[in-house]
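Asker: Build the 3D model from these lines:
(chains A and B)
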Amino acid sequence: MSRRRRRERSDRLDAALDGRLVEVDDDLAPLVETAARLRAALAGVELDPEAAERHLGTALDGQAEVVALPTRPRPPASRWRRQVAAVALAAALTVLPAALASAAALPGQALYPVKLAVEQLQLTAVSWSSTWEADQRIKITNHRLDELHRLIQLHAADRIPAAVGRLNQAYVDAQQAVAEAGRDTGDLRHARALDAVTASSALALQRLQNKLDQKVFSPGAQQAITAAIQQPPVTPDLGTGTPQPTPTTDRPIATTSTASPTTTQASTTTQPPTTTQAPTTTVPTTTQGPTTTQAPTTTVPPDLSTSPNQGDDDDGAQGSSGETATTLP
Amino acid sequence: MLRTGGKQEQASRVGLTAADLVGARRREPAAVTRIYSAYAPPLFRFFLAAVGDRPTAEDLTGDVFKSAIEGLPRFRGPVQALGGWLFGIARHDLADHRRRQTRSLLQPLDDLPQEATPAGGAVNPQELALERLDGDRVLAALRRLTPDQREVLLLRLVADFTAPEVAGILHKSTEAVEALQHRGLASLARLLRMPNDTRPPEPPPRSAHPARPTRQGGPG
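Answerer: Numbers count the residues shown, from 1 in each chain, chains lettered A, B, ... in the order given. Next comes the predicted model:
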């Protein structure tokens, strides 16, 4: 190949990599495809929010310390300066253009780590109050839910599994914070707010399940999303506030992909409904509410009737599975 | 190029303006955050692909950012050159890191596929397994390219610089960068066609270390 021809091919390849309109022949096509694979290999990689927070803290005011996630009981008085600094930094970050812009960021976008970092700072700022923290946790769960909605809308299949995981984690954290706020104040306001989140989450997962049923995603993405939905959360014991693993035998499960729910995975939680946070004993990513596919209110799987937690909010179809019933690790 | 209020203001490809640069030189939080938001993610990906583990990549990203903010008052290039300048620092820090690693006889970066975890340290094993499926092979193959080819591909495709910008960062001609890019992608495609090729890549040779970029007085 002459030097001139090599140069011409390199130019065309470069144009193709820039997204410019250019003829891509059979020789160049594999190279363009390889470039796309390399881009994809790292496209979903995000900076850890804690690291972003640390880096920004270092740059902004020399505080390299990673702010601890909310803890209880309230921090000792000797840490008031740090608290004030955290509140100030959280407030400052919240009104910064980048922070404001990051509010709409989705996983995988450049500003998403900033969004998460701001959330963590805001959490730290309210960690002295269980009710404020519960508010904030619920707000964060709604953010995760909104992100999942938007990713589903965008058919961003590669980012949906992580979004489901984040929603799951945010919900569990919120559940714990709400339980704690309930114990501290006896106020059920947060529990009701969390119930609303639960219902919305169930709808989102139902929508996602419908898309899985329609096989709109690639097989790999289908598998990843299904796995993410099935990923068991660690639920807190709302009665005692002590986190404990969700029992494996009757862990709520999200996925079904058939129209005839003939068998069931026992889908209710084991938290007794006698806790003061009565309506909150559910986990969103796992078949609470109308998360299954067909006729969600008409089929009550037999073993659900044995659950003490079958309240009015449950549509009775969760966990039904048919031949694709999920098994849990 | 953005036009605001009839006054022309130069804006970088990532949306930064000269005002951001001025603000960041004064360590104004808004400007610092904007610059961080614009460049930290690609810097992190660049490092992660190069060194293979998240903590190190995060540390290196933070180091670059810290150096940059400290050195920004001496940066005299336009805002459009900021990215190149930052990645120049990144190359230098990466070279330093590798030299330290070689001296301390640490393991030579063979663990890239295991460590290149996506999405904010996600811990969902199924998610990781699936995302690694193709990404691991690609990144492992990338590490088997020549240092020049690898660096060009990372800057071009991961950091998303144009060929002329990469040429500026690497102090090469655009033609040379395009040729390296072409050969690098051809090699990568060839490596990826090899079935079940899981051999670990060779450690980066010392000659891969780029020259120390100028941290002062220009875009480097």
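Asker: In chain A, which residue sits nearest chain B?
Answerer: Closest contact between chain A and chain B, by Cβ to the nearest Cβ, is at A:A227 (3.2 Å). Yep, even glycine has a C-beta here, placed from its N, CA and C like the rest.
Asker: Flag every residue of the stretch 151-300 of chain A that's near chain B.
Answerer: A:D158, A:R159, A:P161, A:A162, A:G165, A:G220, A:Q223, A:A224, A:A227, A:A228, A:Q231 (Cβ under 8 Å from any Cβ of the partner chain).
Asker: wait, isn't the last one in contact with A:R166?
Answerer: No - distance between A:Q231 and A:R166: 11.1 Å, which falls outside the contact criterion (Cβ atoms under 8 Å).
Asker: Tell me which helix or strand A:D26 sits in.
Answerer: Using DSSP states H and E, A:D26 maps to neither a helix nor a strand.
Asker: related to what we said a few turns ago, correct me, but the residue of chain A closest to chain B touches A:P161?
Answerer: Yes - counting by Cβ under 8 Å, A:A227 touches A:P161, with 6.8 Å between them.
Asker: So the two - more neighbours on which side?
Answerer: A:P161 (29 against 20; other Cβ atoms under 10 Å in any protein chain shown).
Asker: Quickly find the element holding the more buried one.
Answerer: Using DSSP H and E, the element containing A:P161 is helix A:160-185.
Asker: before we move on, what about B:D148?
Answerer: Secondary structure from DSSP H and E places B:D148 in helix B:147-153.
Asker: Which residue ranges of chain A form helices?
Answerer: A:3-17, A:29-43, A:49-61, A:80-95, A:97-102, A:112-125, A:130-153, A:160-185, A:189-213, A:219-230 (DSSP state H).
Asker: scratch that, chain B
Answerer: Remark: helices assigned in chain B by DSSP H are B:18-25, B:29-51, B:54-71, B:82-103, B:112-115, B:125-142, B:147-153, B:163-170, B:174-193.
Asker: ok so, going back, which one of the helices of chain A has the lowest average pLDDT?
Answerer: Within these, confidence is poorest for helix A:80-95, with a mean of 52 (mean pLDDT).
Asker: What's the local residue count around residue 57?
Answerer: Since no chain was named, I'll use chain A. A:G57 sits with 21 neighbouring residues when counted by other Cβ under 10 Å.
Asker: was after chain B, sorry
Answerer: B:A57: 27 surrounding residues under other Cβ under 10 Å.
Asker: Please apply the same query to B:T162.
Answerer: B:T162: 16 surrounding residues under other Cβ under 10 Å.
Asker: Tell me who's in contact with it.
Answerer: Applying Cβ atoms under 8 Å, 6 or more residues apart in numbering or on different chains, we find B:T162 in contact with A:D18, B:R156.
Asker: Could you measure from it over to B:E178?
Answerer: Noted for B:T162: a distance of 11 Å to B:E178, by Cβ to Cβ, to the nearest Å.
Asker: Any idea which helix or strand in chain B has the lowest mean pLDDT?
Answerer: strand B:2-4 (a mean of 35; mean pLDDT, DSSP states H and E).
Asker: By neighbour count, which of the residues of the stretch 151-300 of chain A next to chain B wins?
Answerer: Going by other Cβ under 10 Å, A:P161 tops those with 29 neighbours.
Asker: any idea what sits nearest that residue, other than its immediate chain neighbours?
Answerer: Using Cβ to Cβ, 6 or more residues apart in numbering or on different chains and skipping the chain neighbours, the partner closest in space to A:P161 is A:A228 (3.6 Å).
Asker: Hmm, the one you found is touching A:G165, no?
Answerer: Yes - between A:A228 and A:G165 there is a contact at 5.5 Å, judged by Cβ under 8 Å.
Asker: what's the neighbour count on the nearest residue to A:A51 once chain neighbours are set aside?
Answerer: Spatial nearest neighbour of A:A51, excluding adjacent residues (Cβ to Cβ, 6+ apart): B:E58 at 4.1 Å. Neighbour count for B:E58, taken as other Cβ under 10 Å: 22.
Asker: which residues touch B:E58?
Answerer: Applying Cβ under 8 Å, 6+ apart to B:E58 gives the contacts A:L47, A:D48, A:A51, B:F44.
Asker: With distance to A:H149 and neighbour count added, can I get those in TSV?
Answerer: As requested, the contacts of B:E58 are exported to TSV (distance: Cβ to Cβ, whole Å; neighbours: other Cβ atoms under 10 Å in any protein chain shown):
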residue	distance to A:H149	neighbour count
A:L47	24	30
A:D48	24	20
A:A51	27	24
B:F44	27	28
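Asker: how many neighbours does the closest residue to B:R156 other than its chain neighbours have?
Answerer: The shortest distance from B:R156 to any non-neighbouring residue, by Cβ to Cβ, 6+ apart, is to B:V166 (5.4 Å). Applying other Cβ under 10 Å, we find 26 other residues in the vicinity of B:V166.
Asker: Also A:S218?
Answerer: Here the number of neighbours of A:S218 (other Cβ under 10 Å) works out to 11.
Asker: For it, give me its contacts.
Answerer: When contacts are counted by Cβ under 8 Å, 6+ apart, A:S218 touches A:A157.
Asker: Roughly how far does it sit from A:D158?
Answerer: 9 Å.
Asker: Poorly predicted segments of the stretch 201-329 of chain A, please.
Answerer: For the stretch 201-329 of chain A, applying pLDDT under 70 flags the ranges A:232-329.
Asker: same question but for chain B, I mixed them up
Answerer: Across chain B, the ranges flagged by pLDDT under 70 are B:1-13, B:104-134, B:195-220.
Asker: at 80 instead, please
Answerer: Counting by pLDDT under 80, chain B has low-confidence residues at B:1-15, B:101-136, B:194-220.
Asker: contacting residues for B:P42?
Answerer: Neighbour list for B:P42: B:V158, B:A159, B:D160 [criterion: Cβ under 8 Å, 6+ apart].
Asker: related to what we said a few turns ago, which of the helices of chain B sits most buried?
Answerer: helix B:29-51 (a mean of 25; mean count of other Cβ atoms under 10 Å in any protein chain shown).
Asker: Next, count neighbours for residue 146.
Answerer: No chain specified, so I'll use chain A. Applying other Cβ under 10 Å, we find 16 other residues in the vicinity of A:D146.
Asker: nope, chain B please
Answerer: Using other Cβ under 10 Å, B:T146 has 16 neighbouring residues.
Asker: Can you tell me how far it is from chain A?
Answerer: Distance of B:T146 to chain A, computed by Cβ to the nearest Cβ, to the nearest Å: 15 Å.
Asker: quick one, what contacts that residue?
Answerer: B:G184.
Asker: repeat that for 6 Å
Answerer: Counting by Cβ atoms under 6 Å, 6 or more residues apart in numbering or on different chains, B:T146 touches no other residue.
Asker: do the same with A:L151
Answerer: If you count contacts by Cβ under 6 Å, 6+ apart, A:L151 has them with A:R159, A:I160, A:A163.
Asker: Thank you kindly, that will do.
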